[in-house]
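Peer 1: Below is the sequence, then the predicted model.
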Amino acid sequence: MSARRRPLVAGNWKMNGLRACARELAAIIAGAGELSAVELMVCPPATLIAEFAGFAGGTPVAIGAQDCHPEPAGAFTGDISAEMLRDAGATAVIVGHSERRTFHKETDADVRAKALAARRASLLAIVCVGETRAEREGGSALEVVRSQLDGSLPDGSTADTVVVAYEPVWAIGTGLTPTTNDIAEIHGFIRQRLASRFGSTMGTMRILYGGSVKPSNAKELMSVADVDGALVGGASLNAQEFLAVAGVYR
Ligand code: 13P
């Protein structure tokens with residue numbers, strides 16, 4: 001972790017959370033004061049964004065969304081635009097999560113369009129990439145990540161508009177994690193690709209690791225070179241666990 005990059009720990013609540021879960025957010029906000037070295041973000045389901053943004057306003061906890069439509073408005077029943085998320089109080093949006101790529105058949109081109117929409121609406125885009133188990137076992141993890149990165153990141157991406165999240169699909173929700181050597185290899189490779197495409201300023205773009213991050217493994221995972229924070233799923237639903245993960249940056 002370079003001194004030039006402030007770590008980000010973001011909680012992806014996925015399709016979990018009712019209004020009563022504001023108490024978890026309140027507990028995260030209460031604990032955030034002691035964690036000034038790290039940026040904290042909660043990405044609740046869209047139904048909670050406006051309310052959570054209201055609670056979190058003026059605190060160090062940012063509110064993000066989990067997906068957006070590429071268009072600003074129009075006849076797209078059930079979809080939500082980046083502008084709407086911004087209007088509701090979000091400051092970031094996850095795009096290209098493997099669950100969207102798998103269950104909604106999103107392609108790299110779709111993800112790129114969503115990242116562009118985020119930029120248009122002044123939202124930070126957290127762009128997810130990561131290989132499946134079969135791809136890792138077949139030795140093509142680097143190639144898969146290279147192709148997802150090239151296809152999903154828009155031209156002109158900067159450290160202010162994009163964060164990359166490496167989330168190996170087989171590590172999500174399974175309790176499995178890659179070895180620290182494997183994470184170092186992929187994160188170093190992502191850093192190189194960013195630099196060769198966008199130039200040396202890409203040294204400041206943050207690369208998060210995601211996939212079964214929890215309090216018991218966070219210290220080890222977050223100490224790997226070029227890991228600038230975490231995208232946390234299950235453990236982010238509990239304030240104490242989420243704060244314990246972020247606490248490795250204390
Ligand atoms: P888990 O932390 O539950 O494995 O989920 C990771 C994830 O998908 C975050 O986006």
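Peer 2: It's in.
Peer 1: Leaving out chain neighbours, which residue sits closest to residue 8?
Peer 2: Excluding its sequence neighbours, the residue lying closest to residue 8 (CB to CB, 6 or more residues apart in numbering) is residue 229, at 4.0 Å. Placement of C-beta: from N, CA and C, glycine included.
Peer 1: whoops, I mixed them up, residue 225
Peer 2: Once flanking residues are discounted, residue 225 sits nearest to residue 184: 5.4 Å by CB to CB, 6+ apart.
Peer 1: quick one: terminal-to-terminal distance for stretch 96-111?
Peer 2: The first and final residues of stretch 96-111 sit 5 Å from each other (CA to CA, to the nearest Å).
Peer 1: Up against the ligand, what does the protein have?
Peer 2: 12, 97, 167, 172-173, 210-213, 231-235 (CB under 6 Å from any ligand atom).
Peer 1: Which entries within those meet the buried criterion?
Peer 2: The neighbour-count criterion (16 or more other CB atoms under 10 Å) marks 12, 97, 167, 172, 210-213, 231-235 among the residues of the chain next to the ligand as buried.
Peer 1: Kindly indicate which of the residues you listed lies nearest the ligand.
Peer 2: The closest of those to the ligand turns out to be residue 233 (CB to the nearest ligand atom; 2.2 Å).
Peer 1: Report the contact partners of the closest one.
Peer 2: 11, 12, 14, 172, 173, 210, 213 (CB atoms under 8 Å, 6 or more residues apart in numbering).
Peer 1: same thing with residue 187?
Peer 2: Contact analysis of residue 187 by CB under 8 Å, 6+ apart lists 166, 207, 209, 224, 225, 226, 227.
Peer 1: three-state assignment of the fourth one?
Peer 2: This points to residue 224. Using DSSP: H, G, I helix; E, B strand; the rest coil, the structure places residue 224 in coil.
Peer 1: That one and residue 217, how far apart?
Peer 2: Distance, residue 224 to residue 217, by CB to CB, to the nearest Å: 11 Å.
Peer 1: When those two are compared, which one has more neighbours?
Peer 2: Counted by other CB atoms under 10 Å, residue 224 and residue 217 do not tie: residue 224 has more neighbours, with 20 against 16.
Peer 1: I figured that one hits residue 209, correct?
Peer 2: Yes: the criterion here is CB atoms under 8 Å, and residue 224 meets it with residue 209 at 7.3 Å.
Peer 1: Now do the shared contacts for these two.
Peer 2: 183, 187.
Peer 1: Residues in a beta bridge with residue 64, which ones?
Peer 2: Listed by DSSP bridges, the beta-bridge partners for residue 64 are residue 92.
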